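1. Dropping the sequence and predicted coords here.
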Amino acid sequence: MKNKIYIRGAGGFAIEVCAWAEQSGFEVVAFVDESPQVKGLMGIPVINRNGYDIRVPIIVAIGNPRIRRKIITTEYSNATFATIIHPSAIVGKIVDIGAGSIICPNVVITSKVKIGEHAHLNLATTVGHGCEIGSFFTTAPGAKISGDCKIGDGVYFGTNSSIKQKLTVVDDVIIGLGAGVLKNITQSGTYIGVPAVGVK
């Protein structure tokens with residue numbers, strides 16, 4: 001019997017997550033949207049956030065970590081959260097992945113890695129050994145996290161961005177598309193380029 005879940009959100013990423021959830025053994029009962037514009041997607045109902053059964057786990061499939069954190073903390077304080085790990089993902093030994101996280105196809109997480117709650121690791125992301133990563137962490141496709149990095153809450157790594165091993169990134173940092181982090185990031189903000197530098 002498949003595990004039933006709701007998906008919060010009805011945008012492009014939520015539609016992708018729906019397919020990956022089904023491939024991971026879940027049955028999607030409905031998409032949950034704040035103000036639904038359509039009644040269904042791919043034959044699955046879209047319902048208002050007040051209409052879901054709190055006994056069924058939910059996953060928040062909204063890519064922006066700040067919006068995701070706001071939704072979870074304001075709308076779902078009493079909810080149970082599902083965790084999706086796609087069957088094509090490679091997850092090594094001694095790996096702890098927090099509730100509500102989505103591990104997308106072809107992700108590789110090596111060993112001795114801790115990832116917080118409600119993280120999204122998008123397509124083909126890699127995470128090296130010994131990393132400690134906070135909640136609401138988000139990667140776009142192809143991000144590369146080298147070993148022994150410490151990354152805070154609400155951090156976003158853009159498509160094909162990367163970070164050198166043994167570095168630290170504080171909370172609420174955005175790493176731009178293709179950027180390369182070569183030294184510790186000690187202030188929140190947006191960083192672009194190789195080496196990555198802050199922008200105003």
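-> All right, it came through fine. Only a predicted model underlies this, so the values are computations on that prediction, with no experimental measurement involved.
2. From now on I want contacts and neighbour counts done on CA atoms only, so please keep to that.
-> Noted.
3. Please give the element, helix or strand, for Ile59.
-> strand 58-60 (DSSP states H and E).
4. Quick one: distance of that strand to the chain centre.
-> Distance of strand 58-60 from the chain centroid (Cα atoms, centre = their mean, to the nearest Å) equals 11 Å.
5. and the gap between the spatially closest residue to Val91 that is not a sequence neighbour and Arg68?
-> Excluding the flanking residues, the one nearest Val91 by Cα to Cα, 6 or more residues apart in numbering is Ile109, at 4.9 Å. Distance, Ile109 to Arg68, using Cα to Cα, to the nearest Å: 23 Å.
6. Which one's more surrounded, the two?
-> Ile109 (24 against 19; other Cα atoms under 10 Å).
7. Now do the contacts for that one.
-> Residues near Ile109 by Cα atoms under 8 Å, 6 or more residues apart in numbering: Ala89, Ile90, Val91, Gly92, Val95, Thr126, Val127, Gly128, His129.
8. hey, what's it bridged with?
-> Taking DSSP bridges as the rule, Ile109 bridges to Val91, Val127.
9. who's in contact with the residue most central in space within the chain?
-> The centre of the chain sits closest to His120, judged by Cα atoms, centre = their mean, with a distance of 1.1 Å. Counting by Cα under 8 Å, 6+ apart, His120 touches Gly63, Ser101, Ile102, Ile103, Cys104, Phe136, Phe137, Thr138, Thr139.
10. What is the nearest of these to Leu41?
-> Nearest to Leu41 among those: Gly63, at 18.5 Å, using Cα to Cα.
11. Which element, helix or strand, includes the closest residue to Ile44 other than its chain neighbours?
-> Spatially, and ignoring its direct neighbours in sequence, Ile44 is nearest to Ala30 (5.7 Å; Cα to Cα, 6+ apart). If you go by DSSP H and E, Ala30 is part of strand 26-33.
12. Following the chain onward from that strand, which element is next?
-> strand 40-41.
13. What is the distance between that next one and the centre of its chain?
-> With Cα atoms, centre = their mean, you get 23 Å for strand 40-41.
14. so for that strand, what's the average pLDDT?
-> Averaged across strand 40-41, pLDDT comes to 79.
15. partners of it, with directions?
-> Checking strand 40-41 against DSSP bridges gives partners strand 44-48 (antiparallel).
16. Parallel or antiparallel, which strands does the strand holding Ala30 pair with?
-> Strand 26-33 has the following strand partners under DSSP bridges: strand 3-8 (parallel), strand 44-48 (parallel).
17. taking those strands together, which one is wrapped up most tightly?
-> strand 3-8 (a mean of 22; mean count of other Cα atoms under 10 Å).
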